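Trainee: Take a look and give me a structure for this.
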Amino acid sequence: MAPWVPLGTMARVFVYGTLKKGQPNYKHMINTAKGIAKYQGRGRTVEKYPLVIAGKYNIPFMLNIPGTGHHVAGEIYTVDDQMLQFLDEFEGCPDMYQRTTMRIEVVEWEGKSSAAGSSVMECFVYSTTTYQPEWVQLPYHDNYDSSGTHGLSYVLRESRD
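Mentor: You can find the predicted model right below:
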């Protein structure tokens, strides 16, 4: 079970999919009505994980299978309790994704040189153990981009049938 975050404190969250800058759901990260999310820097998972694009809506999933796949790249945010609650709902936690802590290596920290690479921090990450067995056979990615060469554009919720 991930540590409980008391009201008024900020939690660190690592996002690797559609919530990153320039991706289809980034708008939620900057919508202050949903809470506060402050960009801190870029990182990657210390452990390797399979990052797949799955289902008919081309959703990125980090499968919680440590030691398989790639060091997954993403962004580190500090979020308040309200934003964390929004993200739990948005990510369908705990059915679709589960929020757990993972060790993230800092690649670049806001306002600092990229020499931050030696620092490792614990962040909340939305990964999944409730995936379809066949997803393990899908191609593994190390850096998600909805408009990447894989051709699997993410389908926004409002466009789904």
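Trainee: Check which residues of whichever helix in the chain runs longest are buried.
Mentor: With secondary structure taken from DSSP state H, the chain has its longest helix at helix 81-90. Using 16 or more other CB atoms under 10 Å as the test for burial, helix 81-90 gives 81, 83-84, 86-88, 90. Using the backbone N, CA and C atoms, a C-beta is placed for each residue, glycine as well.
Trainee: and the residue positioned nearest the centre of the chain, what does it touch?
Mentor: Computing the C-alpha centroid of the chain and ranking residues by CA atoms, centre = their mean puts residue 15 first, at 2.5 Å. Residues near residue 15 by CB atoms under 8 Å, 6 or more residues apart in numbering: 29, 74-75, 77, 126.
Trainee: Can you tell me which of those residues end up in helices?
Mentor: Counting by DSSP H, those place residue 29 in helices.
Trainee: Make TSV from the contacts of residue 15 and add neighbour count to it.
Mentor: Shown next, in TSV, are these (neighbours: other CB atoms under 10 Å):
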residue	neighbour count
29	24
74	24
75	23
77	24
126	24
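Trainee: Using CSV, lay out the contacts of residue 15 together with pLDDT and distance to residue 142.
Mentor: Formatted as CSV, the contacts of residue 15 follow (pLDDT from 0 to 100; distance: CB to CB, whole Å):
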residue, pLDDT, distance to residue 142
29, 97, 21
74, 98, 10
75, 98, 14
77, 97, 20
126, 98, 17
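Trainee: Relative to residue 104, which of the contacts of residue 15 is nearest.
Mentor: residue 74 (7.8 Å; CB to CB).
Trainee: hmm, who's touching the helix or strand where residue 108 lies?
Mentor: Using DSSP states H and E, residue 108 sits in strand 98-109. When contacts are defined by CB under 8 Å, 6+ apart, strand 98-109 is touched by residues 2-3, 14, 40-47, 64, 71, 73-74, 76, 87-88, 91, 93, 114, 116-117, 119-130.
Trainee: Okay, strands next: where are they in this protein?
Mentor: 11-15, 37-45, 51-54, 59-62, 73-79, 98-109, 120-127 (DSSP state E).
Trainee: Cool, thanks, talk later.
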